[in-house]
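J.: need the 3D shape of this:
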Amino acid sequence: MTETTPPPGDRIAKTLSRAGIASRREAERMIAEGRVMVNGKVIDSPALNVTAADKIVVDGKAVGTPDAPRLWLYHKPAGLITTDNDEEGRETIYDGLPPEMPRVMSVGRLDLNSEGLLILTNDGGVKRMMELPTTGWLRRYRVRINGSVSEAKLDQLREGISVDGIHYLPMDATFDRQQGANAWLTIAIREGKNREIRRTMQALGVKVNRLIRVSYGPFQLGNLAAGEVEEVRQKVVKDQLGLHTDPQPKRTRKPGGKPGGKPRFTGPTKSPAANRTARKKPR
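T.: I've put the predicted structure just below:
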């Protein structure tokens, strides 16, 4: 049996994702819509390998050599949609980003009413890698509920819980304090299923009325102000993601925002209680 040598280069969708044009799935959709040209010809299938020698054009604009992978920390306010365009015309996270930023994609999502740390990247491959459950990074949240919840009920989260036929892996859950009619918890998850915390807390008989992501793996929200964006130092990107990167780029922040200081990094997060004394709790 004769072995076939694979064609050189990478699949076109991967190349577009790597260049920050779109996710692989969205790139495949763009190809199907006839928006992508390679070497002067419109393509209709993502089953095509391309190299640096190929000329790629998307929506009439040439696609250049991909930039080095970059990450930004963004403090998403409540009330914004985590998508690049919304069918209902609602404001998205991208509407208020500084104009000098390149095209970026979010690593995972925060729903409309959730707030806190959202990681942005210019690299589709990095986005996909960071979203994989096998990465194993904890996503830590400060959770305010109406009412209270017992340790016995929190044990259900710690052991893993099923809600409406969906099984959620064990979570790290800590009761922090009662504040009038509300209580504050710290919850850390690894899967990040759709509305995971809200649905599991509802199954315990309480309603979440505020949800703030304070860390994603080693990256911390810290004192980053709502609506502010700050680039992660390239050394941290390289160390944490194992990437070969270019010299450190400049930090970017939302016009009018306060300088963000150093990027938030305290090492891999092992517990939702880690570094709790080092950060200011929301009121």
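
J.: now the phi/psi pair for residue 207, please.
T.: phi -110, psi 130 (degrees, to the nearest 10).

J.: can you give me the strands for the stretch 51-200 of the chain?
T.: Assigned by DSSP state E, counting those that start in this stretch, the stretch 51-200 of the chain shows strands spanning 56-58, 61-62, 71-76, 105-107, 115-121, 139-146, 161-163, 166-168, 172-179, 182-189.

J.: so what's the gap between stretch 164-184 and the chain middle?
T.: From the chain centre to the centre of stretch 164-184 is a distance of 22 Å (Cα atoms, centre = their mean, to the nearest Å).

J.: confidence score at the closest residue to residue 164 other than its chain neighbours?
T.: Spatial nearest neighbour of residue 164, chain neighbours left out: residue 199 (7.7 Å); criterion: Cβ to Cβ, 6 or more residues apart in numbering. Quick note: C-beta positions are derived from backbone N, CA and C, even for glycine. Note on residue 199: pLDDT of 96.

J.: what does residue 237 show for phi and psi?
T.: Dihedral angles of residue 237 (phi, psi; degrees, to the nearest 10) stand at phi -60, psi -50.

J.: my guess is it contacts residue 73. True?
T.: No: the criterion here is Cβ atoms under 8 Å, and residue 237 misses it with residue 73 at 11.5 Å.

J.: thinking again about what came up before, which among the strands of the stretch 51-200 of the chain is found nearest to residue 96?
T.: Distance to residue 96, taken as Cβ to Cβ, is lowest for strand 71-76 among the strands of the stretch 51-200 of the chain, at 9.6 Å.

J.: who's in contact with the closest one?
T.: By Cβ atoms under 8 Å, 6 or more residues apart in numbering, the list of residues contacting strand 71-76 from outside reads 82, 93, 97, 101, 104, 110, 114-121, 126, 219, 221, 224-232, 237, 252, 260, 263-264.

J.: repeat the analysis, applying 6 Å as the threshold.
T.: Residues outside strand 71-76 that contact it (Cβ atoms under 6 Å, 6 or more residues apart in numbering) are 93, 110, 115, 118-121, 224, 226, 228-232, 237.

J.: which of the strands of the stretch 51-200 of the chain sits closest to residue 21?
T.: strand 56-58 (5.7 Å).

J.: care to break this structure down by domain?
T.: What automatic domain parsing lists as the domains of the chain is 10-62, 71-134+217-278, 138-216.

J.: chain center to the last one, what's the gap?
T.: Taking the mean C-alpha point of domain 138-216 and that of its whole chain, the gap between them comes to 20 Å (Cα atoms, centre = their mean).

J.: I figured the residue nearest to residue 164 hits residue 162, correct?
T.: No: Residue 199 is beyond contact range of residue 162, at 10.7 Å (criterion: Cβ atoms under 6 Å).

J.: same list (the domains of the chain) but as a markdown table, adding mean neighbour count.
T.: Below are the domains of the chain laid out as a markdown table (neighbours: other Cβ atoms under 10 Å):
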| stretch | mean neighbour count |
| --- | --- |
| domain 10-62 | 16 |
| domain 71-134+217-278 | 17 |
| domain 138-216 | 17 |
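
J.: check the ones you listed for me: which has the lowest mean pLDDT.
T.: Mean pLDDT is lowest for domain 71-134+217-278 out of those, coming in at a mean of 76.

J.: check which helices and strands the helix or strand hosting residue 238 sits against.
T.: Taking DSSP states H and E as the definition, residue 238 sits inside helix 234-241. Here helix 234-241 touches no other helix or strand, going by 3 or more Cβ pairs under 6 Å, 6 or more residues apart in numbering; DSSP states H and E.
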